[in-house]
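# Generate coordinates for the sequence data below:
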Amino acid sequence: MISGLQLLSQFLGYFNIKDKPKNRAITVIAFIVNFYLLYVAIDNFRYKGYRWQGFWYLLAFLVLEYFLFLNFVYYFTDKTVKFDISPYVEKALGGNPNETTSSNEPLFNQNIPSAGLFDQQKIMPVELRTTSAEQININELARLLEKKGYLHLNYSGLSDRALYQEANKTHEPILAMSKPVQLPYYDLREDSQTHELLVYAGINSMTAKPVGTLIKIGFTPIMEARQQYH
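Numbering: from 1, shown residues only. Modelled structure (predicted):
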């Protein structure tokens, strides 16, 4: 049974392809090609000694047609199908057992740094200027945080279908890390020569490196904000 499902998985290789246009094209092609099974089934039903073979060909046609219908709904509409067994088939084929197959639950990251939690509506956006050297520091920090398990860049384990449903529901970009993550350590330091405010970040104070220069707080330039509120 498992071997048969594995063969089915190879035939339906579009199950987990992330490229939506390619999926659409393969779905249309598979829909057309699948009717060859129906032709073979009908041809076998014409002969008494081959009717069982015709039955199995017809069954294969109907099963594949069901999955093709799911793909048409998934890739060509914004709707979902109530009786969708593809997550169970994917699990039987060796898919990620921890993968989330529904977008009903919000994406949530459980990392809680010592800086505390803040209401997103009460956080004022800032603008940073980043040099190429500082961008390298950011990339190195991201790799280190991922290696240590603080940062997970796996879209919370969501399946392709769940990601598509989440994007259609929120109309917002979906981050690989699911939600913005507060850094383990960050600090503002004034440059002694330019008096600009540099943002330092790292896994702790000993490893902190510059990752950008603070330019604006909200819509106010940082120098003007410092004069008003210092």
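
# pLDDT weak spots in this structure?
Scanning the chain for pLDDT under 70 picks out the ranges 1-20, 78, 80, 87, 89-91, 93-123, 229-230.

# tell me the domain boundaries of it?
Following automatic domain parsing, one finds the domains of the chain at 2-92, 120-229.

# Mind putting these into a markdown table with mean neighbour count?
Just so you know, the C-beta spots here come from the backbone N, C-alpha and C atoms, and that holds for glycine as well. Rendered in a markdown table, the data for these read as follows (neighbours: other Cβ atoms under 10 Å):
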| stretch | mean neighbour count |
| --- | --- |
| domain 2-92 | 14 |
| domain 120-229 | 14 |
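
# so residue 150 sits in a strand?
No: assessed with DSSP: H, G, I helix; E, B strand; the rest coil, residue 150 is coil; it does not lie in a strand.

# Quick check: phi and psi at residue 28.
In terms of degrees, to the nearest 10, the main-chain angles of residue 28 are phi -60, psi -50.

# Repeat that for the one 5 residues further on.
Phi and psi for residue 33, reported as degrees, to the nearest 10, are phi -60, psi -30.

# Which residues are in contact with the residue most central in space within the chain?
The centroid of the chain falls nearest to residue 155 when counting by Cα atoms, centre = their mean (4.0 Å). Applying Cβ atoms under 8 Å, 6 or more residues apart in numbering to residue 155 gives the contacts 163, 174-176, 178.

# Going along the chain, name the strands of the chain.
Applying DSSP state E to the chain gives strands spanning 126-129, 185-190, 197-202, 209-217, 220-221.

# Please name the spatially closest residue to residue 30 (chain neighbours excluded).
Once flanking residues are discounted, residue 30 sits nearest to residue 68: 5.9 Å by Cβ to Cβ, 6 or more residues apart in numbering.

# From what I see, that neighbour and residue 27 are in contact.
Yes: applying Cβ atoms under 8 Å, one finds residue 68 in contact with residue 27, separated by 6.2 Å.

# OK, contacts around residue 220?
Shown here is residue 220, whose contacts under the criterion Cβ under 8 Å, 6+ apart are residue 228.

# Relative to residue 194, how far out is it?
Using Cβ to Cβ, to the nearest Å, residue 220 is found at 19 Å from residue 194.

# Do me a favour and get the end-to-end distance for stretch 185-199?
With Cα to Cα, to the nearest Å as the measure, the ends of stretch 185-199 fall 11 Å from one another.

# Give me the contacts around that stretch.
Applying Cβ under 8 Å, 6+ apart, the external contacts of stretch 185-199 come out as 115, 128, 200-205, 207-208, 210-214, 222.

# who touches the nearest residue to residue 53 once chain neighbours are set aside in this structure?
Distance criterion Cβ to Cβ, 6+ apart; nearest residue to residue 53, sequence neighbours excluded, is residue 44 at 4.8 Å. Under the criterion of Cβ under 8 Å, 6+ apart, the neighbours of residue 44 are 50-51, 53-54, 57.

# Same question for residue 167.
Counting by Cβ under 8 Å, 6+ apart, residue 167 has contacts 173-174.

# Against residue 39, how distant is the residue lying farthest from the centre of the chain?
Taking Cα atoms, centre = their mean as the measure, the residue most remote from the mean C-alpha position of the chain is residue 48, 51.5 Å away. To residue 39, residue 48 is 19 Å away according to Cβ to Cβ.

# Do I have it right that residue 144 meets residue 203?
Yes: counting by Cβ under 8 Å, residue 144 touches residue 203, with 6.4 Å between them.

# Correct me if wrong: residue 57 contacts residue 41.
Yes: at 3.7 Å, residue 57 counts as touching residue 41 under the criterion of Cβ under 8 Å.

# Since that was my last question, I'll sign off now.
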